[in-house]
Each structure stands twice: as C-alpha cells, then as structure tokens.
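Novice: Sequence first, then the predicted structure:
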Amino acid sequence: MNYLTVRGTHIPVLGFGTYKLRGNHCVESVRDAIDIGYRHIDTAVMYGNEAEIGDGMQQSRVPRQDLFLTTKLWPNSLTPASIRKTVSESLAYLKSDYIDLLLIHWPNPSIPLEDTLGTMDQLRLEGLVRFLGVSNFNLEWMERVEQTGVPVITNQVEYHVLLSQDTLLGWLRQRDMFLTAYSPLAIGRLVNHSALQEIGRKHDKTATQIALRWLVQQHGVAAVPKASTAEKRRKNFDIFDFELDPEDLERIALLEKDQRFIDLPGIAPKWD
Ligand SMILES: NC(=O)c1ccc[n+]([C@@H]2O[C@H](COP(=O)([O-])OP(=O)(O)OC[C@H]3O[C@@H](n4cnc5c(N)ncnc54)[C@H](OP(=O)(O)O)[C@@H]3O)[C@@H](O)[C@H]2O)c1
C-alpha cells in the first residue's frame, strides 16, 4: 500500500468503496478487504451499512488506529443539531470512538455552510473526528469552504480516465489538500476498455488495474474502488508493483475526458 501525505498525515491511496454492499456480505467484504491489505474504508450514512462496516473492522485483526475510515453526512442532516445526532449514531454503528474523515456528501445551499463546517470542526476539536472534508463540491463551493477558515483536507468527486479533474486537482494541491476519486472504474465501464487493455498487456495487468494505477500514481490523489468479490478486490489491490511510463500516460491523456456517470440531485451545484 502506498500513502499520500497531506498536512503531515499519511492517507492510504487506495480505499475500499462500499456503496451497495449490505448485510453479512458487507461484513465479510470489509473483513476480507482488510485481510488483503486495504487500510482505508469509504462509507456514508446514506449507504445504510455503517453497522456492517463496524462489524467487518472489528472482525479483522488489524488495530483500529491502522485503519482510515471515512463516512459522509447526507445533505438533509447538515444543521448543527442534526450533525451531532448523526455523528453519534454513526459512531455507535461503526463501533468506534472516532471517525477518521467526515465528509459533507453533497452541498446543501439552504443550510449555511459556515454553520455546518463550524459544527464539524467542533467535533474535530472534541476528538470524535480526526479530519474534515467535502464531496461533490465544485470550485465555487470550494472557495466558500476556504472562506470559512475550517480545515478541510479533501474533496471526494467522480474521477477516472474518462473525466478530467485537472482544475480542481490543481486547486487542491496548491492548498495541501487531496482529491478522493470516487467511481474510479467509471462504475465498471473501464473493465473492458481497449486502450487500457493494450497498456495492460505491456505490464501484465488488466484494464482495471491500469485505471486504478493511473489515479494513485498522481500526486495528491486517492481512489476508492468498490468490488463485491474477493477476487476483484485482490486484483484492484495489486497495483503497487509497477508504474505507468510516459508513453502510457500520453495515451491515457488522449482519451475523451468529459464523461461523467454520476448524476447529482437538483440541489447540488452544477459542475460547469
Ligand atoms: N461521494 C459520492 O457522492 C460517491 C458517489 C459514488 C461512489 N462513491 C464511492 O466510491 C465507491 C466506488 O464507486 P462506484 O461503486 O460507483 O464504482 P466503481 O468503483 O468505479 O466501479 C464498481 C463496479 O466495478 C466493478 N469492478 C470492480 N473491480 C473490478 C474488477 N477488478 N474487475 C471487474 N469488475 C470490477 C464492480 O463489480 P461488483 O458489482 O462485483 O462490485 C462494480 O460493478 C463507492 O462504493 C462509494 O464508496 C461516492
């Protein structure tokens, strides 16, 4: 596993995405992911699986402090009172004394951002949360975040070989923040991508491994692929023994980069 460093903290560059994993299958998937070597788990209140994530973490033999756990607040629970209630419920489900990274899942323009981030920051100062972040924030919203003065370390957004995030990534790097790439496999669409398969042949890797390697090889980028089987999880983890060379990177740079697959609800800000 490789780690990126922001503000003096080491974050595992590859996380395990858990959207749609439920019940005992989720518990087993999390335990298995940790056995494989994943040290970063991505969940959200909306995924309805925090209890299972907590069980999977407990069943693994890896100490809690070696794991990096992210959860996200749904946009309807961003008032100060809701945040406190939600985080206390999340901690109980997760069976943990703290959350490593707490994100706003989507911005909610009808709740003042400074109140939301201010409350999240108090939780950080109380030790219930180690780091704060946001998700699905465009640049205009990131500037609003900056104006609050609350320390935020990541923006989790859709990012993969078919979607450019150059401007946002540059903005984050300048501020010692990182980008967390969600749907890093374009929700499975990259599995049989012919250009990635060709690059993969050179390195004895699959298209999926090339897609993930491209992300985690970038400065200030982490990725959180989801996989429902042990075999896929192992393959996705097996990306730290090779490097994409300039020729590979040039080829990937030429792919169309305007393909967004996650539709955000109406309340979220527009991307362009
Ligand atoms: N912040 C947000 O708003 C937001 C939005 C979307 C996602 N996320 C996070 O990002 C995570 C990942 O995104 P995602 O789930 O949308 O999509 P993804 O990780 O890009 O792709 C997942 C799909 O790819 C398949 N897959 C994974 N590894 C594979 C492999 N080695 N070979 C073949 N197929 C493979 C999976 O198969 P299976 O069906 O077998 O699993 C699944 O169908 C989520 O789980 C969630 O944690 C966050």
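Specialist: Happy to help now that I have it.
Novice: ok, what's across the strand from the residue in the chain that the ligand sits nearest to?
Specialist: Nearest residue of the chain to the ligand (Cβ to the nearest ligand atom) works out as residue 17 at 2.5 Å. Quick note: C-beta positions are derived from backbone N, CA and C, even for glycine. Each beta-bridge partner of residue 17 is listed here, defined by DSSP bridges: residue 42, residue 226.
Novice: show me what contacts it?
Specialist: Applying Cβ atoms under 8 Å, 6 or more residues apart in numbering, we find residue 17 in contact with 42, 182, 224-226.
Novice: The same query, at a cut-off of 6 Å, please.
Specialist: By Cβ atoms under 6 Å, 6 or more residues apart in numbering, the contact set of residue 17 is 42, 224-226.
Novice: which of the residues you listed lies closest to residue 259?
Specialist: Using Cβ to Cβ, residue 225 comes nearest to residue 259 of those, at 17.2 Å.
Novice: I'd like the distance between the closest one and residue 206.
Specialist: According to Cβ to Cβ, to the nearest Å, residue 225 stands 12 Å off from residue 206.
Novice: neighbour-wise, which of these two wins?
Specialist: residue 225 (27 against 21; other Cβ atoms under 10 Å).
Novice: Next up, the contacts around the more buried one.
Specialist: By Cβ under 6 Å, 6+ apart, residue 225 lies in contact with 17, 184-185, 236.
Novice: cool, residue 39 as well?
Specialist: Residues in contact with residue 39 (Cβ under 6 Å, 6+ apart) are 1, 12, 67-68.
Novice: per-residue confidence at it?
Specialist: pLDDT for residue 39: 98.
Novice: for the closest residue to it other than its chain neighbours, phi and psi?
Specialist: Leaving out its chain neighbours, the residue that sits closest to residue 39 by Cβ to Cβ, 6 or more residues apart in numbering is residue 12, at 4.4 Å. With angles defined as degrees, to the nearest 10, residue 12 sits at phi -60, psi 130.
Novice: Can you say which helix or strand has the residue lying farthest from the centre of the chain in it?
Specialist: Using Cα atoms, centre = their mean, the residue of the chain lying farthest from its centre is residue 202. It sits 28.6 Å away. Element membership of residue 202 [criterion: DSSP states H and E] is helix 194-203.
Novice: How about residue 156?
Specialist: Taking DSSP H and E as the criterion, residue 156 maps to strand 154-158.
Novice: packing partners for that strand?
Specialist: Applying 3 or more Cβ pairs under 6 Å, 6 or more residues apart in numbering; DSSP states H and E, one finds that strand 154-158 contacts strand 129-135, strand 178-182.
Novice: Fine by me, we can end here.
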